[in-house]
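Enquirer: this one's sequence-less:
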């Protein structure tokens with residue numbers, strides 16, 4: 001049975017723009033993260049990588065994102081515009097169509113944002 005977490009949103013009306021904004025922020029940060037992690041877990045299983053080994057990295061990422069500016073803390077090949085590594089990673093994901101699609105979208109947006117094109 002899936003775990004259900006209730007987010008308390010302190011607003012007067014469920015019809016308010018603030019409520020809708022908070023709901024979207026919750027969906028984007030929670031539901032999209034679960035979806036991404038489920039695909040990463042599938043990738044790990046198929047490549048004999050222990051998904052739980054990512055726990056320290058994931059915990060640190062969330063801690064930093066909550067306490068610092070996530071934009072300033074962005075790392076990785078897209079942030080560095082390391083096209084050689086990006087190409088290798090794209091090739092690595094050829095059998096993971098959905099994960100590849102998200103990888104390409106995120107990579108494109110990170111490059112644009114961090115190189116002032118977005």
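Expert: Great, that's in hand. Treat the numbers as computed from the prediction; the structure is a model and nothing was measured.
Enquirer: Could you find the closest non-adjacent residue to residue 58?
Expert: residue 37 (7.8 Å; CB to CB, 6 or more residues apart in numbering). (C-beta placed from N, C-alpha, C; glycine too.)
Enquirer: Can you tell me how far the one you found is from residue 57?
Expert: Distance of residue 37 to residue 57, computed by CB to CB, to the nearest Å: 12 Å.
Enquirer: just residue 94 next, same as before
Expert: Taking CB to CB, one finds residue 94 at 24 Å from residue 57.
Enquirer: what stretches of the protein score poorly on pLDDT?
Expert: Within the chain, the stretches with pLDDT under 70 are 1-15, 117-118.
Enquirer: What is the longest helix seen in the chain packed up against?
Expert: If you go by DSSP state H, the chain has its longest helix at helix 97-114. Packing contacts for helix 97-114, counted by 3 or more CB pairs under 8 Å, 6 or more residues apart in numbering; DSSP states H and E, involve helix 32-46, helix 77-80, helix 83-92.
Enquirer: at 6 Å instead, please
Expert: helix 32-46, helix 77-80 (3 or more CB pairs under 6 Å, 6 or more residues apart in numbering; DSSP states H and E).
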